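Q: Sequence and predicted structure, then a few things I'm wondering about:
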Amino acid sequence: MTGKIVSCGTVLLDPAGRVLLAHATGTNHWDIPKGQGEPGETEAQSALREMVEETGIALDPSRLTDLGRYVYRRDKDLHLFVARALQDELDLSRCVCTSMFPRREDGVMIPEMDAWRWIAPAEVAQYASRSLTRLFETTLSLAQLHRML
């Protein structure tokens, strides 16, 4: 056992091959919906729960394709799934984040994510963290995932 944290997430692609990224409140970075599993959850259950908590989008488990586990950072691996967004999931104005955390300055509870965007593969580096950008640029090609779905 490596002792690494494993974060489970979903790479949700729209029909044009853009990826859904959510803005982490109070930061300047965007990320795929992901997070650590809860006791008793499978990786897929964790990824689906995180998607609902961070976007309000509920995916049927049958739509997920398991991509496996990837090295992400020294302290964290990602177990990722991919799915294609359906027509009624493309309108990101309907997204809502129910996952809350205390704001550093004053402890007020605020949503973990506060904005959502469809990002073209070529634009990922402008939004995402270095770790996520590196993953998509070196190991997990968004263009290949788009063709696969």
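A: Yep, it's here. Please read these numbers as outputs of a predicted model, since none were measured by experiment. Numbering: from 1, shown residues only.
Q: helix, strand or coil for the most far-flung residue of the chain relative to its centre?
A: Among the C-alpha atoms of the chain, the one most distant from their mean position (Cα atoms, centre = their mean) is that of D106, at 27.1 Å. Using DSSP: H, G, I helix; E, B strand; the rest coil, the secondary structure recorded for D106 is coil.
Q: and what of A22?
A: Here A22 is recorded as strand under three-state DSSP.
Q: Could you find the closest non-adjacent residue to it?
A: In this structure, A22 finds its nearest non-sequential neighbour in M113, 4.0 Å apart by Cβ to Cβ, 6 or more residues apart in numbering. From N, CA and C alone the C-beta is placed, and that goes for glycine too.
Q: quick one, what contacts the one you found?
A: Counting by Cβ atoms under 8 Å, 6 or more residues apart in numbering, M113 touches 22-25, 33, 54-55, 97, 99.
Q: Run through the strands of the protein in chain order.
A: Taking DSSP state E as the criterion, the chain carries its strands at 5-13, 19-24, 30-31, 34-36, 65-73, 76-84, 100-102, 109-111, 113-119.
Q: Turn the ones you listed into TSV, including mean pLDDT and distance to E137.
A: Written out in TSV, the entries for the strands of the chain read as follows (pLDDT from 0 to 100; distance: least, Cβ to Cβ, whole Å):
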stretch	mean pLDDT	distance to E137
strand 5-13	97	14
strand 19-24	98	12
strand 30-31	96	15
strand 34-36	97	18
strand 65-73	96	13
strand 76-84	97	15
strand 100-102	95	29
strand 109-111	97	29
strand 113-119	98	13
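Q: For A47, which of those is the nearest?
A: Shortest distance between A47 and the strands of the chain, using Cβ to Cβ, is found for strand 5-13: 4.2 Å.
Q: What lies in contact with that closest one?
A: Contacts to strand 5-13, defined as Cβ under 8 Å, 6+ apart, come from residues 19-20, 32-37, 43-44, 46-48, 50-51, 57, 59, 64, 67, 69, 72, 75-85, 89, 140, 142, 145-146, 149.
Q: what about the residue farthest from the centre of the chain, distance to G26?
A: Going from D106 to G26 by Cβ to Cβ, to the nearest Å gives 12 Å.
Q: Check T138 too.
A: The separation that T138 has from G26, given Cβ to Cβ, amounts to 28 Å.
Q: Which one's more surrounded, these two?
A: Taking neighbours as other Cβ atoms under 10 Å, T138 and G26 compare with G26 leading, 12 against 8.
Q: I am finished for the moment; much appreciated.
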